[in-house]
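Chemist: No sequence on hand, only this structure:
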């Protein structure tokens, strides 16, 4: 398993390149670029201390960008996670999440939140396997509670929450 470390602002361009590469097999280049726009540099400028990177001699192999809520001292939020396709299924994401949970709990947080797109069945299954519950939405589609227009018109999301122990 690659070594875990805190993210740094200097990781930004590499993480964006990872998004382009790692999602390139399932999206067009334009779609991968659009996805990478969810990771502006400000996330690492202001939340590097709560974000994580798994790295080995070949470079960044996985990352988690997350933060503790500034407005609710009980909550933390996982914003974006990426794992090199060659490392998927080997526990990298689980390691990132459990480390984030532990650090959030150590900081007094008692709940972690995350979202995903309704079509991202892998993400939904992973979050459920990690113990996240589905938050009630304003409608249900294919058994999933959705939050309509969560990220803008037509951008429905599935919202998750997980209680963590301090």
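Modeler: Nice, thanks for sending it over. All figures in this text were calculated on a predicted structure; none of them were measured in a lab. Numbering: from 1, shown residues only.

Chemist: Give me the buried positions along the helix ranked longest in the chain.
Modeler: Across the chain, the longest stretch assigned as helix under DSSP state H is helix 92-106. For helix 92-106, the buried set under the neighbour-count rule, 16 or more other C-beta atoms under 10 Å, comprises 92, 93, 95, 96, 97, 100, 101, 103, 104. C-beta: built from backbone N, CA, C; applies to glycine.

Chemist: How confident was the prediction at the closest residue in space to the fifth one that isn't next to it in sequence?
Modeler: So the one you mean is residue 97. The shortest distance from residue 97 to any non-neighbouring residue, by C-beta to C-beta, 6 or more residues apart in numbering, is to residue 130 (5.6 Å). Residue 130 carries a pLDDT score of 97 in this model.

Chemist: now the helices for this protein?
Modeler: 12-22, 29-36, 42-47, 92-106, 121-129.

Chemist: Tell me the helices and strands packed up against the fourth one.
Modeler: By that I understand helix 92-106. strand 3-6, strand 52-56, strand 59-68, strand 75-83, strand 111-116 (3 or more C-beta pairs under 8 Å, 6 or more residues apart in numbering; DSSP states H and E).
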